[in-house]
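> Could you look at this predicted model? Sequence included:
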Amino acid sequence: MPINIPDKLPAKDELQEENIFVMSESRALSQQIRPMKVLLLNLMPNKIETETQILRLLANTPLQVDVEFLRIHSNISKHTPQDHMNDFYRDFEDIKERNFDGLIITGAPLGDVDFDDVIYWEKITAVFDWSTQHVTSTLFLCWAAHAAFYHLYDIKRYIRERKIAGVFLHHRHQSHDPLLRGFDDDFWVPHSRLAQMNVDELRAHPDLDILADSTEAGAYLVVSKDRRRLFVLGHPEYNVTTLGDEFKRDDTAGLNPDVPNNYFPADDPLQAPKGCWRSHANLLVSNWLNYYVYQITPFDLSHLHRRTPWE
């Protein structure tokens, strides 16, 4: 089934070239079904690239998904045309009275900036709090997951001496959980970050479960007990070239980055990498939409606050 996106969104052409089923708003209006309403809060600088990555994953599901885009502020973007932001993105004030089936909050390139020093910290925490009453299930990616652990559970991250970057082997736990249906016992995931969560602290928290982790990269999939929050501490949405582009960017900037682990053949940056995580990434988002959103959310979203997952 398709994802529903604005007719003129730049990602549409690229996704259609990949034979991904994309439905325009005008066509979707003629269908007599209720699509899943998913809100994407995009915190990354290059909005268009991140939109395409996330939409590619949302499209690989039998559910029809209606996607809207949210921005954290209306400041002028240095990396995305302002016309694009004005045409496709909404401000929080525009949507805060509405309910959504799903919410995805992306990572952000904030490195080792203290959360309390983030210029939009009050705004992002307002979205976290709002989601508890207005969203069936929220998917937090990388930095957003770290920020949510800090705000919602008072669990702090720590800053690594060196950035962790590469593709790492992960092992699933609690294989009975619907989110992990179809997963191999071991699977690969890209990571790229300076910060790390303490696995023991996450495991000890009474409201959290770790579903998958890595010996090298730490916790990867963490869920709240009620499954209304999914924390993804990596980057399954990354394109095959993304880690290489980041490495070249940091190398050009004189940051002396480490070559990403398990990424370039023979650890040679002159060789083209191959993706080994796309099947897992598609399955993860498909399972989230199916088991944590579609099978839980009420048909009438105005009744959302009356429901709890898995009733």
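Cool, the structure landed. Fair warning: this is a prediction, and the values are worked out from it, not measured in the lab.

> who touches the strand of greatest length in the chain?
The strand that spans the most residues within the chain, counting by DSSP state E, is strand 158-172. Contact partners of strand 158-172, identified using CB atoms under 8 Å, 6 or more residues apart in numbering, comprise 112, 180, 183-198, 211-217, 220-221, 234, 243, 246-247, 257-258, 260-263, 276-277. All C-beta spots, glycine's among them, are computed from the backbone N, C-alpha and C.

> Going along the chain, name the strands of this structure.
Going by DSSP E, the chain shows strands at 3-5, 22-24, 36-41, 65-70, 89-90, 100-105, 135-141, 158-172, 186-196, 208-214, 218-224, 229-232.

> could you dump the ones you listed to JSON lines with distance to L270?
Output for these, formatted as JSON lines (distance: least, CB to CB, whole Å):
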{"stretch": "strand 3-5", "distance to L270": "36"}
{"stretch": "strand 22-24", "distance to L270": "35"}
{"stretch": "strand 36-41", "distance to L270": "35"}
{"stretch": "strand 65-70", "distance to L270": "37"}
{"stretch": "strand 89-90", "distance to L270": "38"}
{"stretch": "strand 100-105", "distance to L270": "35"}
{"stretch": "strand 135-141", "distance to L270": "30"}
{"stretch": "strand 158-172", "distance to L270": "17"}
{"stretch": "strand 186-196", "distance to L270": "20"}
{"stretch": "strand 208-214", "distance to L270": "27"}
{"stretch": "strand 218-224", "distance to L270": "30"}
{"stretch": "strand 229-232", "distance to L270": "31"}
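
> mind putting those in JSON lines, mean neighbour count, distance to I124 and mean pLDDT included?
Formatted as JSON lines, the strands of the chain follow (neighbours: other CB atoms under 10 Å; distance: least, CB to CB, whole Å; pLDDT from 0 to 100):
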{"stretch": "strand 3-5", "mean neighbour count": "25", "distance to I124": "24", "mean pLDDT": "61"}
{"stretch": "strand 22-24", "mean neighbour count": "19", "distance to I124": "29", "mean pLDDT": "54"}
{"stretch": "strand 36-41", "mean neighbour count": "22", "distance to I124": "8", "mean pLDDT": "96"}
{"stretch": "strand 65-70", "mean neighbour count": "21", "distance to I124": "11", "mean pLDDT": "94"}
{"stretch": "strand 89-90", "mean neighbour count": "17", "distance to I124": "15", "mean pLDDT": "94"}
{"stretch": "strand 100-105", "mean neighbour count": "25", "distance to I124": "8", "mean pLDDT": "97"}
{"stretch": "strand 135-141", "mean neighbour count": "25", "distance to I124": "11", "mean pLDDT": "97"}
{"stretch": "strand 158-172", "mean neighbour count": "17", "distance to I124": "19", "mean pLDDT": "95"}
{"stretch": "strand 186-196", "mean neighbour count": "21", "distance to I124": "16", "mean pLDDT": "96"}
{"stretch": "strand 208-214", "mean neighbour count": "21", "distance to I124": "20", "mean pLDDT": "97"}
{"stretch": "strand 218-224", "mean neighbour count": "23", "distance to I124": "18", "mean pLDDT": "97"}
{"stretch": "strand 229-232", "mean neighbour count": "26", "distance to I124": "15", "mean pLDDT": "98"}
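
> Figure out which of those is closest to Y294.
Closest to Y294 of the strands of the chain is strand 36-41 (CB to CB; 6.1 Å).

> residue contacts, the residue nearest the centre of the chain?
Centroid-nearest residue in the chain: L141, 3.9 Å away (criterion: CA atoms, centre = their mean). Neighbour list for L141: I104, I105, T106, G107, V232, H235, E237 [criterion: CB under 8 Å, 6+ apart].
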